[in-house]
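Colleague: Predicted structure and sequence below. I'll ask about it afterward.
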Amino acid sequence: MRREEYLEKRAELLNQAKAATADGKLEDFEAMKKQIEELDAKFELEAKAEANLAALERGVVVSKTAIGVGVGTKSEDEDDEAATDTYKTAFLKAMMHRGLNDAEKKSFAAVNGDELVNAGTQTAANHPAVIPVTMMREIWSEMAEQHPIIADSAASRTYVRGKVTIPTADVSGDGEWYDEATATVPSAITSANIELDGHELAKAVTISWKLYEMSLEDFEAFLRRKLAEKMGNAIATAFVTGPGIPGQGDSFKPQPLGVITALEAETSTPQVITYTAANGISYANLTAGMGVLLSGYVSGSAIYAKSTTIWTLLANILDTTKRPIFVPDVTAGGVGRMFGIPVKAEDAVPTGKVLGGNYARGYVSNVNRDVEILTEDHVLARTTDYSAYAILDGKPMTTKAFFLIEPST
């Protein structure tokens with residue numbers, strides 16, 4: 001099973017698990033959870049077996065110099081080799097400047113290239129190291145735990161090298177039926193292509209050499225947590241308010257196009273509902289937001305806002321009978337429900353704004369190059385910079401899958 005196939009199957013099962021949870025079908029959720037765990041275990045076993053076989057067939061030749069961070073083109077077996085326990089140990093030892101045994105050197109070289117460099121001469125510019133598959137999965141998992149928007153958009157995430165073109169079409173018509181004597185009136189079909197490029201994202205963590213005394217397991221957890229926090233904040237923010245590609249005179253860097261950016265840029269902003277800051281968000285504002293959400297995207301939707309916005313604005317909204325419409329409920333993957341839709345705390349949404357919609361079906365992203373680690377030593381300061389580097393892009397498939405409630409200016 002190739003990695004792309006595995007990720008596609010896992011995303012499909014995860015989406016079914018979310019739907020089961022949203023519908024309160026706990027038995028179905030447990031069944032989906034079991035299938036996901038079995039799929040993970042199967043992929044892990046197959047990856048190890050294929051990597052071991054490939055290593056025997058290749059007869060990898062390894063440099064006798066000290067292990068550092070490898071350079072070179074990735075091989076076809078990279079994903080399989082990167083899934084092995086041997087490579088994970090080799091990767092962590094290399095990051096901590098520890099010696100590797102022969103098997104670990106072979107595994108590290110098979111993934112990152114045969115040319116090895118001394119740890120003391122490596123630079124962040126030209127020595128990337130591929131993160132182990134299991135660690136990569138855990139980083140994405142931690143990012144998803146911190147940012148529900150990353151978790152919800154995973155179902156439509158792809159892993160394709162280079163530019164990706166995704167065709168879309170909006171079909172409008174009245175859906176009438178016809179008899180034999182009546183001519184059919186064609187529906188209007190508006191087609192367009194969404195192009196996803198590759199935008200560079202790099203976040204650095206500086207670690208004191210004292211931390212090299214940690215165990216491999218503790219160091220992995222520490223590094224994974226720090227990188228997930230920094231990368232997750234950047235990705236979630238881009239998916240919400242990212243400005244996209246800069247135009248003439250713009251100073252920001254190329255990045256994914258966020259949903260709020262797209263909604264606010266539309267002519268007459270049909271998906272944006274405003275409220276007066278002094279009065280706060282009203283019941284009518286929320287019903288207006290639900291009203292502009294295309295019905296096909298309601299199932300699987302969520303309401304996203306900062307925790308402060310949730311508990312100071314949304315939780316205090318009353319319906320026409322003076323009853324609160326916010327229902328605290330942590331079983332649906334959020335902190336509560338409104339109109340049966342999960343409300344999720346998302347720090348990437350600006351204060352005072354409420355974003356609603358379906359990220360699983362309304363937003364598409366592509367990881368052109370998954371997260372890698374680049375390192376740079378500072379001998380005098382006795383520190384090492386660990387920079388997480390990735391190439392990815394994302395854009396809304398349609399603005400009709402979202403609504404935005406924001407204060408009027």
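Modeller: Perfect, I can see it now. Numbers count the residues shown, from 1 in each chain.
Colleague: Report the buried residues of the strand or helix carrying Ala390.
Modeller: Taking DSSP states H and E as the criterion, the element that holds Ala390 is strand 383-396. By 16 or more other CB atoms under 10 Å, the buried positions in strand 383-396 come out as 384, 386-396. In short, each C-beta sits where N, CA and C put it, glycine included.
Colleague: same question, stretch 252-263
Modeller: For stretch 252-263, by 16+ other CB under 10 Å, it's 255-263.
Colleague: Equivalent analysis for stretch 260-277, please.
Modeller: Applying a neighbour-count criterion of 16+ other CB under 10 Å, the buried positions in stretch 260-277 are 260-263, 271-273, 275.
Colleague: what residues does it touch?
Modeller: With CB atoms under 8 Å, 6 or more residues apart in numbering as the test, stretch 260-277 has contacts from 240-244, 281-282, 285, 288-289, 292, 349-350, 352-353, 355, 395-396, 399-400, 402-408.
Colleague: How far does stretch 134-154 sit from its chain's centre?
Modeller: 6 Å (CA atoms, centre = their mean, to the nearest Å).
Colleague: So which bits of that stretch are buried?
Modeller: Those buried within stretch 134-154 under the rule 16+ other CB under 10 Å are 134-140, 142-144, 146-154.
Colleague: low-confidence ranges in the protein?
Modeller: For the chain, the stretches flagged by pLDDT under 70 are 1-4, 44, 47-81, 114-127, 167-180, 184-192.
Colleague: Taking the chain centroid, which residue in it is the extreme one?
Modeller: Taking CA atoms, centre = their mean as the measure, the residue most remote from the mean C-alpha position of the chain is Ala181, 52.8 Å away.
Colleague: Partner strands of the host helix or strand of Tyr304 and their direction?
Modeller: Secondary structure from DSSP H and E places Tyr304 in strand 302-305. With DSSP bridges as the test, strand 302-305 is paired with strand 341-345 (parallel), strand 354-357 (antiparallel).
Colleague: how about the CA coordinates for it, as CSV?
Modeller: What follows is strand 302-305, C-alpha atoms only, in CSV (Å, rounded to 0.1, in the frame of the first residue of the first chain):
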residue,chain,number,x,y,z
ALA,A,302,-19.0,23.6,12.0
ILE,A,303,-18.9,27.1,13.6
TYR,A,304,-15.4,28.4,14.4
ALA,A,305,-14.5,31.2,16.7
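Colleague: what's near enough to touch the residue farthest from the centre of the chain?
Modeller: With contacts defined as CB under 8 Å, 6+ apart, Ala181 has no neighbours.
Colleague: tell me the contacts of the residue nearest the centre of the chain?
Modeller: Of all residues in the chain, the one closest to the mean position by CA atoms, centre = their mean is Ile150, 4.1 Å from it. Contacts for Ile150 (CB under 8 Å, 6+ apart) come out as 140, 143-144, 232, 235-236, 239.
Colleague: wait, doesn't Ala332 sit right on Ala22?
Modeller: Yes: between Ala332 and Ala22 a contact is recorded at 5.8 Å, counting by CB atoms under 8 Å.
Colleague: Gln35: neighbour count?
Modeller: Neighbourhood size, Gln35 [other CB atoms under 10 Å]: 16.
Colleague: any idea how far Ser299 is from it?
Modeller: Going from Gln35 to Ser299 by CB to CB, to the nearest Å gives 21 Å.
Colleague: What of Lys322?
Modeller: Taking CB to CB as the measure, Lys322 falls 29 Å from Ser299.
Colleague: quick one: which of those two has more around it?
Modeller: Under the neighbour definition other CB under 10 Å, Lys322 and Ser299 were set side by side, and Ser299 has more, 14 against 6.
Colleague: and the longest strand anywhere in the chain, which strands flank it?
Modeller: Ranked by residue count and defined by DSSP state E, the top strand of the chain is strand 363-378. Partner strands and pairing direction for strand 363-378 (DSSP bridges) are strand 128-130 (antiparallel), strand 157-158 (parallel), strand 383-396 (antiparallel).
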